[in-house]
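A.B. asks: make a model of this:
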Amino acid sequence: MTGREEPLEPLQPLEPLEPLEPLEPLWMLAANVVLWRRHGEGGQGQRPGTRMFKGGSKVYVHYRTNGWEECQVIGRPRHGRPYRLAFVASRHLYGFRPRLVRSPAVLRAAASSDFGGFRDEAEAREDAVAMEHLAWELRSGAWPDWPHPEPCHCHECLTLRPHR
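C.D. replies: The predicted structure is shown next:
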């Protein structure tokens, strides 16, 4: 130690964090991100998942905008561990189903806005059926006059192709 340096003071212990109050479970819609999506001119290009989420990732539909064509979702991104909020086109989601969410991380992310969830499972189930139908219509109507590329890995072609 030189004469100019001052000795370090011992670190003070941090004050304990206040325990978070438990959040009430919330009915939300869970969905998966499509494995492959069409993009570009005429939908001739194919990309895995979306920019934020890997294909097949589970997300929770948090809020719907633009006539249900776009959803704000909560999910784990491609890069990183904590849950994030992101806007995703409804056509890039499939397998909508009602779920009673108890995860504190998801509930905290949902509490950051004014979405109050669904009252009960029946209401969530009705919305899940409507969202699945709408997402299918949006996917199939995105490029109505263009043929699928060969080989095509989009959601419709993958679900119609027999498993090997």
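
A.B. asks: only C-alpha atoms from now on, for both contacts and neighbour counts.
C.D. replies: Fine.

A.B. asks: what does the pLDDT read for Ala124?
C.D. replies: As predicted, Ala124 sits at a pLDDT of 90.

A.B. asks: for it, give me its contacts.
C.D. replies: Listed by Cα atoms under 8 Å, 6 or more residues apart in numbering, the contact set of Ala124 reads Trp27, Met28, Leu29, Arg97, Pro98, Phe118.

A.B. asks: just flag the most distant two among these.
C.D. replies: Within the contacts of Ala124, two members stand farthest from each other by Cα to Cα: Arg97 and Phe118, at 12.5 Å.

A.B. asks: between the two, who's got more neighbours?
C.D. replies: A side-by-side neighbour count of Arg97 and Phe118, using other Cα atoms under 10 Å, places Arg97 first with 21 against 17.

A.B. asks: I'd assumed Ala30 was in contact with that one.
C.D. replies: Yes - with contact defined as Cα atoms under 8 Å, Arg97 reaches Ala30; the gap is 5.3 Å.

A.B. asks: save the contacts of Ala124 as TSV, and put in pLDDT, distance to Arg84 and secondary structure too.
C.D. replies: Shown next, in TSV, are those (pLDDT from 0 to 100; distance: Cα to Cα, whole Å; DSSP: H, G, I helix; E, B strand; the rest coil):
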residue	pLDDT	distance to Arg84	secondary structure
Trp27	91	18	strand
Met28	91	16	strand
Leu29	92	16	strand
Arg97	94	20	strand
Pro98	94	20	strand
Phe118	81	21	strand
